[in-house]
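Trainee: Output the structure for:
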Amino acid sequence: MARRAEGAEGLLLGRIVGDPWIVDLLRQFDFDLARVAGGPPEAVRLPNGEPLEMIAGDGAGGAFMLVGKGDTRPVLYVGSEGQGGLIATDLRAALALVVGISSIHDATAVPYGDDRGARLRDWLARTDEEIREYWPELDAERTRLRQALDLPEADGLLETLHRLAADEDHRPISEAGDRYEPMVDAPVA
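Mentor: Take a look at the predicted model:
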């Protein structure tokens with residue numbers, strides 16, 4: 001699987017691809033590198049014309065894409081149901097979210113809010129409990145990936161996720177010219 005990513009993202013992707021157990025475990029966390037071959041749900045562009053590079057997909061048909069060029073690149077999520085936007089300032093933060101929460105969809109389903117994310121964190125804790133019913137090793141597997149990839153805890157990234165997901169300048173646009181829907185209802189103040 002060819003990778004064009006350079007700099008920090010290229011090194012991190014190289015670390016992932018170099019260890020089959022990491023590739024397999026990330027697939028369980030719904031970050032599947034093999035889905036790159038199928039491409040994103042549809043061809044998209046950004047309003048400012050920044051280049052996009054798909055690096056993984058998820059089971060819902062969505063795509064994780066690096067934005068722009070350079071050493072550190074933000075990560076865009078393009079959903080198969082017409083929602084999309086930035087999710088992280090770089091690949092390491094995106095992976096921390098993918099590994100550390102039940103899903104990007106769950107993390108954007110509840111507003112970050114004036115309660116400093118308390119309601120969102122409660123929602124994510126409940127979704128994790130449901131996952132643990134069929135995946136009791138969830139926490140151990142999260143720890144294993146965090147250590148192998150030197151990932152931060154996801155909790156500290158939730159506010160940034162909501163701020164980035166509300167960024168209109170990075171809302172994908174389809175080939176037909178339709179702007180994707182935001183992943184969150186309103187920006188964090």
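Trainee: hmm, what's the outermost residue in the chain?
Mentor: residue 176 (24.5 Å; C-alpha atoms, centre = their mean).
Trainee: Show the model's pLDDT score for that residue.
Mentor: Model confidence at residue 176, given as pLDDT, is 92.
Trainee: Please report how far it lies from residue 167.
Mentor: Noted for residue 176: a distance of 22 Å to residue 167, by C-beta to C-beta, to the nearest Å. Glycine gets a C-beta too; all of them are placed from N, C-alpha and C.
Trainee: How about residue 25?
Mentor: 30 Å.
Trainee: between those two, who's got more neighbours?
Mentor: residue 25 (18 against 15; other C-beta atoms under 10 Å).
Trainee: So what does the more buried one look like in phi/psi?
Mentor: phi -70, psi -40 (degrees, to the nearest 10).
Trainee: is it true that it touches residue 144?
Mentor: Yes. Judged on C-beta atoms under 8 Å, residue 25 makes contact with residue 144 at a distance of 7.2 Å.
Trainee: top helix in this protein by residue count?
Mentor: Longest helix in the chain by number of residues (criterion: DSSP state H): helix 118-134.
Trainee: List the contacts of that helix.
Mentor: 101-103, 106-107, 109-113, 138-139, 155, 158 (C-beta atoms under 8 Å, 6 or more residues apart in numbering).
Trainee: Type out the ChimeraX command that picks the buried ones from these.
Mentor: Burial among those is assessed by 16 or more other C-beta atoms under 10 Å; the matching ChimeraX selection reads:
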select :101,102,103,106,107,109,110,111,112,138,158
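Trainee: Strands along this structure, start to end?
Mentor: Per DSSP state E, the chain has strands spanning 44-45, 52-57, 63-67, 75-78, 84-88, 173-174. These are given in chain order.
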